[in-house]
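S.K.: Make a model of this:
(chains A and B, ligands or ions: 1)
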Amino acid sequence: MPLFLNDEQTMLRDTARDFVSENAPVAHLRRLRDSDDKTGFDRALWKQFAEMGFTGILIREDAGGLGLGHVEAGVVLEEIGRNLSPSPFLTTAVAAVAALHNTAQAERWFPGILSGETVAALAIDEGAKHRDRVALRAERAGNGFRLSGAKQFVTHGHVADLLIVAARTGGSDDEAEGVTLFAVPADAAGLTATPERLADSSVAARLTFEGVAVDADAVIGEVDAGRGPLDRLLRAGRTGASAELLGVGGGAMDMTVAYLKQRKQFGTLIGSFQALQHRAAHLYAEMEVARAAVLKAQQLLDAGDAAADQAVSVAKAMTGLATTLSVQEGIQMHGGIGMTDEYDIGFFMKRARVLAEMFGDTNFHADRVARGRGY
Amino acid sequence: MSDLDTFRSETRAWLEENCPPEMRAPIVSEKDVVWGGRDQSRLTAPQKIWLDRMAARGWTVPDWPTDYGGGGLSAAETKVLREEMARIKARNPLNSFGISMLGPALLKYGTEAQKLEHLPKIARGEIRWCQGYSEPNAGSDLASLATSAEDAGDHFVVNGQKVWTSYADQADWIFCLVRTDKTTKQGGISFVLFDMASPGVSTKPILLISGYSPFCETFFDDVKVPKANLVGELNKGWDVAKYLLGHEREMISGMGLSGGGDALVEGALATVGVDAEGRLADPLLRAKIALYEVRALAFAAQSERFIDELKAGHAHPAQPSMMKYYGTELNKARHELAMAAGGSDAVEWESERSGGGRAARAWLRTKANSIEGGTSEIQLNIVAKRILELPG
Ligand SMILES: Cc1cc2nc3c(=O)[nH]c(=O)nc-3n(C[C@H](O)[C@H](O)[C@H](O)COP(=O)(O)OP(=O)(O)OC[C@H]3O[C@@H](n4cnc5c(N)ncnc54)[C@H](O)[C@@H]3O)c2cc1C
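M.R.: Numbering: from 1, shown residues only, chains lettered A, B, ... in the order given. Presented below is the predicted three-dimensional model:
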């Protein structure tokens, strides 16, 4: 398979680009922030995403979806990133769908995701840095389970209809086995969500579970064998976050290069200064390399290739590096105007930081690559 | 099974049968690289067998037309062949400036007679080529070159000096930029080919910091070059030169891929050992290697993407500059890390156990990666102007 978008994927990209830039440009995020919106995204817009068919990209055709893959999901995510559009697309249509795929829970939740009624949130992280550690307990009780513990950095966690919760049903906190994944309805008793606004104006919740009772059929997959769906969720989430980061970094770079062609100092366009040209060209190189890493991960995931796992970590680590550079250089090369709230470049810096932490940062994934390679 | 699957299984079987075991080992020193040329006495028996078998199928240049000694493979088939060779860690049967630089330029700009004359010999590794571009006063500013070619009826008379001519003393022929009009800069350059055995050609090796002398000063004193050896039109050699440079950059960018991280990790494990959890015992070195590997693996994907786009005809023509820049900086970083991993062993220069200072010499050699074929600064200038379209 050649490592570039085929014709259908390119068409999808053009459609997504038009749709997202028209309906949810950076101004949309700014409006939500300035109106002190408490939801974190626009429900009506989410419905439109569904009408466009985007929410069904990863859902199989026999379940009413488009039956496409991570390359296609990534095409949409990149446009979301480029426009800094607040949207539950990554958590709901990508990560949650990947977790539910081929499980008994799919039937229950896919229709709502397809219609844009349902928003999913991922209750995975328990500390300030993403780790492969699950301490939240799920004790057997009656014909179901009781969940106790806490999660954090749960994007949309306060408004979601469905929470995908990683819980421990066996083993010790750092063990890979003994994890079970649950689909928990948001209105479950004993569940408290405390929303916090993040640097990028998105809203993520801290969740506490105080003996939250769920039925046995809330289990995604099998008890004690939640690693399978959890790994599917993480691979999809990490790849998706990489694609979104690529959009954020690319958007910031485009803005910066455009500014270099327009801003004059010393009677000349600043883009003619070699010191800035070289940095812009270096940035371009980093972004191109990051793009290849993302596409590679997406294609390998879609092919079900065993090499996908490493490629996913390479993509997340590399987009973290490249996009961080892009937003930092973006502000620097804009000079003073780059520091003003009125100008958009700062929004890119904030979103990049949040996405860099999501599903593991560059160090986490470089470490994973090293372990995978035996050192 | 699709045609491509059939091609893959046939290729796999053929390689399995025909690639000598000695040719499936990593390249450790310059001796392991096969450059070809009139003097084939330098080749070991397995090198010769491997070269001849691959050349017989046209697989030293799999995507060239069969008329010119190539394999006539499509882009997809070429990719499969490359993948299958990588799978068994098969070495390149032949490396040459003919394949990676002159060949593509002749395919585009050569006459039919020139193609039939030179390409099959390149494909079979019979003639070794060198590149006569740089001069003492024309490096980054290559178009200011002064070596002249005077019109003498049926031939040119070439006079002047080249410098940094890699392997000029071992090459059979040279592709050379000469000035045929002194009144304009780019518009007065022509591209010619001639035999290094021609009267009036002499070479003098230059010693490098690595202790090797793979390149030379090259002098031309009334060298007669038949007019049939002019490639492209008179005074339009700059177009050919630039096209060829694109291919040179593409080839050099591949250095970012060589060896990957395996040797690096092995080297570090040998000197630093592992901690209680089985990780490299020097955590900062481990972190640097891991971050290097992230970039290297991402760059491997980028190289694949670049080649796929090139073959499909939608790569930006200045993209090789970006690849050359990134690949060479990466290769330098890898060797810098390899030296850190090797510690005092790596700085040994002549001992037997260090293979005659293999690590140190290789490390020093890579410092040229960001100079040869156009410096990193020049590549960044090109990306800035031609891809990002920055002013001035
Ligand atoms: C190992 C090796 C093999 C080589 N093989 C060959 C060969 O086979 N055939 C051949 O013809 N040549 C060969 N070369 C020559 C090579 O192409 C030149 O060395 C190279 O193009 C740089 O030219 P220069 O050495 O004259 O440096 P200069 O052009 O003098 O550059 C000096 C410094 O100034 C910088 N600089 C120059 N102009 C600019 C600018 N506009 N903007 C910013 N910075 C600038 C350069 O980047 C460099 O850092 C080889 C070189 C090496 C090191």
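S.K.: make it CA atoms for all contacts and neighbour counts henceforth
M.R.: Noted.
S.K.: distance between stretch A:352-369 and the chain's centre?
M.R.: Centroid separation for stretch A:352-369 versus its chain: 12 Å, with C-alpha atoms, centre = their mean, to the nearest Å.
S.K.: Pop out the phi and psi values for A:L191.
M.R.: phi -100, psi 120 (degrees, to the nearest 10).
S.K.: Quick check: closest non-adjacent residue to it.
M.R.: Closest residue in space to A:L191, ignoring its immediate chain neighbours: A:F209 at 4.8 Å, by C-alpha to C-alpha, 6 or more residues apart in numbering or on different chains.
S.K.: So that neighbour: helix, strand or coil?
M.R.: Taken by DSSP: H, G, I helix; E, B strand; the rest coil, the conformation at A:F209 corresponds to strand.
S.K.: Same check on A:A292?
M.R.: Following three-state DSSP, A:A292 is assigned to helix.
S.K.: and what of B:W35?
M.R.: coil.
S.K.: from what I can see it touches B:G125, true?
M.R.: Yes - using C-alpha atoms under 8 Å, B:W35 is in contact with B:G125, at 7.2 Å.
S.K.: Compare the two (neighbour count), which wins?
M.R.: B:G125 (26 against 22; other C-alpha atoms under 10 Å in any protein chain shown).
S.K.: Phi, psi for the more buried one please.
M.R.: The phi/psi pair for B:G125 (degrees, to the nearest 10) is phi 70, psi 30.
S.K.: for it, what are its contacts?
M.R.: B:35-37, B:51, B:94, B:96 (C-alpha atoms under 8 Å, 6 or more residues apart in numbering or on different chains).
S.K.: Columns distance to B:K324 on top of the residues you listed, output as TSV?
M.R.: Listed next are the contacts of B:G125 as TSV, based on distance: C-alpha to C-alpha, whole Å:
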residue	distance to B:K324
B:W35	22
B:G36	25
B:G37	27
B:L51	27
B:L94	21
B:S96	18
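S.K.: what residues are shared contacts of B:W35 and B:G125?
M.R.: B:94, B:96.
S.K.: pLDDT score for the residue nearest to A:L191?
M.R.: On pLDDT, A:F209 comes in at 98.
S.K.: Does it touch A:Q152 like I think?
M.R.: No - contact criterion C-alpha under 8 Å: A:F209 and A:Q152 do not qualify, at 11.4 Å.
S.K.: Can you work out which residues contact both of these two?
M.R.: Counting by C-alpha under 8 Å, 6+ apart, nothing touches both A:F209 and A:Q152.
S.K.: picking up where we left off before, what's the local residue count around the residue nearest to A:L191?
M.R.: 20.
S.K.: Likewise for the one 4 residues further on?
M.R.: Other residues within reach of A:A213 by the criterion other C-alpha under 10 Å amount to 22.
S.K.: A:A166: helix or strand, and which one exactly?
M.R.: Counting by DSSP states H and E, the element that carries A:A166 is strand A:162-168.
S.K.: Could you do A:L276 as well?
M.R.: Counting by DSSP H and E, A:L276 is found in helix A:274-302.
S.K.: Identify each buried residue in that helix, please.
M.R.: A:274, A:276-278, A:280-301 (16 or more other C-alpha atoms under 10 Å in any protein chain shown).
S.K.: For stretch B:51-59, list the C-alpha coordinates in CSV.
M.R.: Only the C-alpha atoms of stretch B:51-59 are listed here, as CSV (Å, rounded to 0.1, in the frame of the first residue of the first chain):
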residue,chain,number,x,y,z
LEU,B,51,26.1,-8.9,-8.5
ASP,B,52,26.0,-11.1,-11.6
ARG,B,53,22.8,-12.9,-10.7
MET,B,54,21.0,-9.7,-9.8
ALA,B,55,22.3,-7.9,-13.0
ALA,B,56,21.2,-10.8,-15.1
ARG,B,57,17.6,-10.1,-14.0
GLY,B,58,18.1,-6.3,-14.3
TRP,B,59,17.5,-6.1,-10.6
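S.K.: How far does it sit from its chain's centre?
M.R.: Distance, centroid of stretch B:51-59 to centroid of chain: 19 Å (C-alpha atoms, centre = their mean).
S.K.: Any chance you could list what contacts that stretch?
M.R.: B:18, B:60, B:66, B:69-72, B:93-94, B:123-125.
S.K.: JSON lines for those, including secondary structure?
M.R.: Listed next are the contacts of stretch B:51-59 as JSON lines, based on three-state DSSP:
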{"residue": "B:N18", "secondary structure": "helix"}
{"residue": "B:T60", "secondary structure": "coil"}
{"residue": "B:T66", "secondary structure": "helix"}
{"residue": "B:G69", "secondary structure": "coil"}
{"residue": "B:G70", "secondary structure": "coil"}
{"residue": "B:G71", "secondary structure": "coil"}
{"residue": "B:G72", "secondary structure": "coil"}
{"residue": "B:P93", "secondary structure": "coil"}
{"residue": "B:L94", "secondary structure": "coil"}
{"residue": "B:A123", "secondary structure": "helix"}
{"residue": "B:R124", "secondary structure": "coil"}
{"residue": "B:G125", "secondary structure": "coil"}
